[in-house]
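[1] I would like the atomic coordinates for the input below:
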Amino acid sequence: MTLPVPVLTIGLLIASNIFMTFAWYGHLKFKAAPLVTVVLVSWGIAFFEYLLQVPANRIGYGHFSAAQLKTIQEVISLSVFVLFSWLYLGEKITWNVALGFALICLGAFFIFHRFGGSGS
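    Numbers count the residues shown, from 1 in each chain. The predicted model follows:
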C-alpha cells in the first residue's frame, strides 16, 4: 500500500518536528547539565530530524511548491512547539499565543488558496 504524497509528506514533517523540538528545547529541563553535553545530545537528536525532514521535502516537492512545503513545515513546527511547551515544559497557552498562531494559520490559508488563477 502506497500512502498519498500529502499524507506521507505531512507525516514525515510531524515526526521530524517532534525530534527537532526536543533537540532545540528538551534540554531546558536540565539546566544543570553542561552546555557541551546538551549541544552534543541535541546534535544527535537533530540527526534523526534530518533523516525525516529531507525525505519529506524530496517526496512532497512537485506535489507542493517550495513555499507550500515551508508553510506546512512552519505550521507543524509551531503546533508541535505549542504542545511541547504545554505538556513537557508545563507552560500555559495564553490568549496572545493562541491569537498569534491563528494569524499564522491565516497566512497559511493565503499561501494555499488560489485567487482567480494567481498564486501557486
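
[2] Look up how far residue 97 lies from the closest residue to residue 53 other than its chain neighbours.
    Excluding its sequence neighbours, the residue lying closest to residue 53 (C-beta to C-beta, 6 or more residues apart in numbering) is residue 16, at 4.1 Å. For glycine as for every other residue, the C-beta is placed from the backbone atoms N, C-alpha and C. From residue 16 over to residue 97 the distance is 23 Å, taken as C-beta to C-beta, to the nearest Å.

[3] Those two: who's more crowded?
    Legend: neighbour count by other C-beta atoms under 10 Å for residue 16 and residue 97, higher for residue 16 (25 against 16).

[4] Quick one: list the elements packing against the longest helix along the chain.
    Longest among the helix segments of the chain by residue count, using DSSP state H, is helix 35-60. Helix 35-60 is packed against helix 5-25, helix 66-87, with contacts defined by 3 or more C-beta pairs under 8 Å, 6 or more residues apart in numbering; DSSP states H and E.

[5] Present those as a markdown table; the columns should include mean pLDDT and distance to residue 59.
    Shown next, in a markdown table, are the helices and strands packed on helix 35-60 (pLDDT from 0 to 100; distance: least, C-beta to C-beta, whole Å):
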| stretch | mean pLDDT | distance to residue 59 |
| --- | --- | --- |
| helix 5-25 | 96 | 5 |
| helix 66-87 | 93 | 10 |
